[in-house]
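Asks: Predicted coordinates and the sequence they were generated for:
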Amino acid sequence: MEVLSRVKEAFPDTMVIVITGYASVSSAVEVMKMGAFDYLPKPFTPDELRGVVRQAIAAKAIQLQNKRLRQQQGDLRTVSHQLIGDSPKIKKVIDMVRKVAPTDSTVLISGESGTGKELIARAIHANSKRKNASFSAVDCGTISDTLLESELFGHTKGAFTGAHQDKPGIFKVASGGTVFLDEIGNISLEVQAKLLRFLEAREILPLGSTTPQSVDLRLILATNQDLKEMVTQGSFREDFYYRIFVYPISMPPLRERKEDILPIAYHFLEQFNGSLGKDIVGFEASAVNKLTQYDWPGNVRQLRNAIERAVILCDKEQIGLRELPFTDDFEHLIEHIPSTNEELKRIKKEIRQKAVSEVEKNFVLNALTLNNWNVTQAAKKVGLQRTNFQNLMKKHGIKLQRRHKKK
């Protein structure tokens, strides 16, 4: 214990593992309080020793990464592609973007909600020969079929009720540039057919017109659904699927590239420091551990929102656990020692409520993620009535983008 104390005093950043023949709860708590990374009771196997050492090395790597990023804070260079991270998976994505950007090939980006599919599309456009022309993003999941067709291809006067004049569509207006169609799995078979015709002939036919119009346009599409499975089910055209499956890029979820969490968090920290007039230099060790261990079901979008909230709440040099939204002071409640029986009852009640709330929220997010954010299917899979499932979503502030019915 004295060696541990002196090592942590002289070299506070050293990761210490204590080997002990006295593995009592009190001794374990004491060595952890004194700064040991972990303790290993005898007897132990070589595999157990290797496992603890591997964990210490991983924790040290995160510690060093946090230190390096904190020193770079304020001097972070924003790369042109805006894709942050050094993990093998994100490097592969960046390499694919670099190769396809100079071409005019159609690109299909897949990935869970919030992973940054539009960011990839913008990176492709920014590094292409069309970079000085327009980039138009369309969320196909929030527009009805008729309106979507009109928005994309345009319409002539009198084509439908309310069409009082000719209107050029996005494809015509963005000619020479790039159009990004998000949530492509939500469009009807009819619109799929028209998009297929455009990809084959590079021509559009406005609603109500009989004269095709040539358009010079690059198309990038994205989805968070399994399009191949949708082809099998008959809800997605097979010929359209193979036509857009020219150059597929898969954006990995944040939980599969955890070494990128801190660089992304510091990127957002710099952004919000500027926009909110703050001068926060980094994250406390406890916050770093929570950030890097959390699975981030909402991916980069959720991380961005968490950092924005933390910057707003933080009134000191570094962001701590208290400012992170998914902790909700849960750890502080557990660590707090009540002085009266009434206080004990109150804290126990708060801990139960917060624990249940967190479990419920993760339950709903997991069900939605596994079922491509289809509420009906998610409710059925977990054995709940749709209305009860929606009530849970509303309770925990989980919003779903409106999806139109397919014809």
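Replies: Cool, got the structure.
Asks: which residue packs closest to the most centrally placed residue in the chain, ignoring adjacent ones?
Replies: Closest to where the C-alpha atoms of the chain average out (C-alpha atoms, centre = their mean) is residue 299, at 2.0 Å. Once flanking residues are discounted, residue 299 sits nearest to residue 114: 3.6 Å by C-beta to C-beta, 6 or more residues apart in numbering. To be clear about C-beta, it is placed using only N, CA and C from the backbone, and glycine gets the same treatment.
Asks: which residues in this structure form strands?
Replies: For the chain, applying DSSP state E gives strands covering 17-20, 38-41, 107-110, 135-139, 154-155, 167-168, 178-182, 203-204, 213-214, 218-223, 247-250, 282-283, 318-319.
Asks: Need these in JSON lines (columns: mean pLDDT, mean neighbour count and distance to residue 99).
Replies: Formatted as JSON lines, those follow (pLDDT from 0 to 100; neighbours: other C-beta atoms under 10 Å; distance: least, C-beta to C-beta, whole Å):
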{"stretch": "strand 17-20", "mean pLDDT": "86", "mean neighbour count": "15", "distance to residue 99": "44"}
{"stretch": "strand 38-41", "mean pLDDT": "84", "mean neighbour count": "17", "distance to residue 99": "44"}
{"stretch": "strand 107-110", "mean pLDDT": "96", "mean neighbour count": "23", "distance to residue 99": "11"}
{"stretch": "strand 135-139", "mean pLDDT": "92", "mean neighbour count": "18", "distance to residue 99": "19"}
{"stretch": "strand 154-155", "mean pLDDT": "79", "mean neighbour count": "22", "distance to residue 99": "33"}
{"stretch": "strand 167-168", "mean pLDDT": "82", "mean neighbour count": "16", "distance to residue 99": "33"}
{"stretch": "strand 178-182", "mean pLDDT": "95", "mean neighbour count": "24", "distance to residue 99": "17"}
{"stretch": "strand 203-204", "mean pLDDT": "86", "mean neighbour count": "18", "distance to residue 99": "28"}
{"stretch": "strand 213-214", "mean pLDDT": "86", "mean neighbour count": "14", "distance to residue 99": "28"}
{"stretch": "strand 218-223", "mean pLDDT": "95", "mean neighbour count": "24", "distance to residue 99": "14"}
{"stretch": "strand 247-250", "mean pLDDT": "95", "mean neighbour count": "16", "distance to residue 99": "9"}
{"stretch": "strand 282-283", "mean pLDDT": "91", "mean neighbour count": "24", "distance to residue 99": "35"}
{"stretch": "strand 318-319", "mean pLDDT": "92", "mean neighbour count": "20", "distance to residue 99": "37"}
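Asks: Test my guess that residue 368 contacts residue 398.
Replies: Yes: with contact defined as C-beta atoms under 8 Å, residue 368 reaches residue 398; the gap is 7.3 Å.
Asks: Compare these two (neighbour count), which wins?
Replies: Just comparing residue 368 and residue 398: by other C-beta atoms under 10 Å the higher neighbour count belongs to residue 368, 22 against 16.
Asks: Chain neighbours aside, what residue packs nearest to that one?
Replies: residue 378 (5.1 Å).
Asks: coming back round to it: using CSV, lay out the strands of the chain together with distance to residue 52.
Replies: Below are the strands of the chain laid out as CSV (distance: least, C-beta to C-beta, whole Å):
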stretch, distance to residue 52
strand 17-20, 6
strand 38-41, 5
strand 107-110, 38
strand 135-139, 47
strand 154-155, 64
strand 167-168, 65
strand 178-182, 45
strand 203-204, 62
strand 213-214, 66
strand 218-223, 42
strand 247-250, 34
strand 282-283, 25
strand 318-319, 28
